[in-house]
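Student: model this:
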Amino acid sequence: MHINQAGDYIILKLTEAGEELNHLKLHKLLYYTQAWYLAFYGKKLFSDYFQAWIHGPINRTLYDRFASTKSLYSDIERDDISPEFELNSLSEQDRNHIETILETYAKFSGVQLEEMTHQETPWIEARKGYRSSQRCEEPINADVMREYYAARLKVNNGT
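Tutor: This is a model prediction of the structure:
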């Protein structure tokens, strides 16, 4: 799967539900979608990776998709779904996973999600050596993501 397919599915689900969504929040929801997929299944949902930007994890492909028309704080609307998006291109398992992430994280704003990622090891480790206000495009290591969220999963399950 490509990150844009997962992104379009999130846009579809949140706009159908009347939930607020902006460019920043979309990146964070996709980050958590990928992080928890790594924790649950030990592999990536999509091949794209995230960079440790000042505003938390950002995917360059998704950023570039909207960069000419939107800032990180611009609203994302249903009209922003790619015309090529096909719902049946996502498996039932993948749709269910994304929906589970939305049940947990969609209630938060993009800024709240950004603050959450700033407290978590994958983003912190990727930004080592950078000042808080310094531009950084270091990739967030998928293995670190998998280990960190898998450990959180174990704590939440009491194991």
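Student: buried stuff in the helix or strand hosting residue 103?
Tutor: Using DSSP states H and E, residue 103 falls within helix 92-105. Buried residues in helix 92-105, counted by 16 or more other C-beta atoms under 10 Å: 94, 97, 98, 101, 102, 105. For every residue, glycine as well, the C-beta is placed using N, CA and C.
Student: so for the last one, what's the nearest residue that isn't a sequence neighbour?
Tutor: Right, the one you point to is residue 105. residue 32 (5.3 Å; C-beta to C-beta, 6 or more residues apart in numbering).
Student: one step back: quick one: average pLDDT of the helix holding residue 103?
Tutor: Helix 92-105 carries an average pLDDT of 98.
Student: can you give me the strands for the chain?
Tutor: 51-53, 56-58 (DSSP state E).
Student: could you dump the ones you listed into JSON lines and include mean neighbour count, distance to residue 141 and mean pLDDT?
Tutor: Compiled in JSON lines, the strands of the chain are given as follows (neighbours: other C-beta atoms under 10 Å; distance: least, C-beta to C-beta, whole Å; pLDDT from 0 to 100):
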{"stretch": "strand 51-53", "mean neighbour count": "22", "distance to residue 141": "10", "mean pLDDT": "98"}
{"stretch": "strand 56-58", "mean neighbour count": "25", "distance to residue 141": "11", "mean pLDDT": "98"}
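Student: can you add distance to residue 114 and give those back as TSV?
Tutor: Below are those laid out as TSV (distance: least, C-beta to C-beta, whole Å):
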stretch	distance to residue 114
strand 51-53	9
strand 56-58	4
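Student: mind checking which of these is nearest residue 19?
Tutor: Residue 19 sits nearest to strand 56-58 of all these, at 19.2 Å, using C-beta to C-beta.
Student: packing partners for the element among helices and strands of the chain having the smallest mean pLDDT?
Tutor: When each helix and strand of the chain is scored by mean pLDDT, DSSP states H and E, helix 142-156 comes last, with a mean of 91. If you count contacts as 3 or more C-beta pairs under 8 Å, 6 or more residues apart in numbering; DSSP states H and E, helix 142-156 packs onto helix 23-41, helix 121-126.
Student: got the contact list for it?
Tutor: Here helix 142-156 makes contact (C-beta atoms under 8 Å, 6 or more residues apart in numbering) with 34-36, 38-40, 42, 44, 49, 120-122, 125-126.
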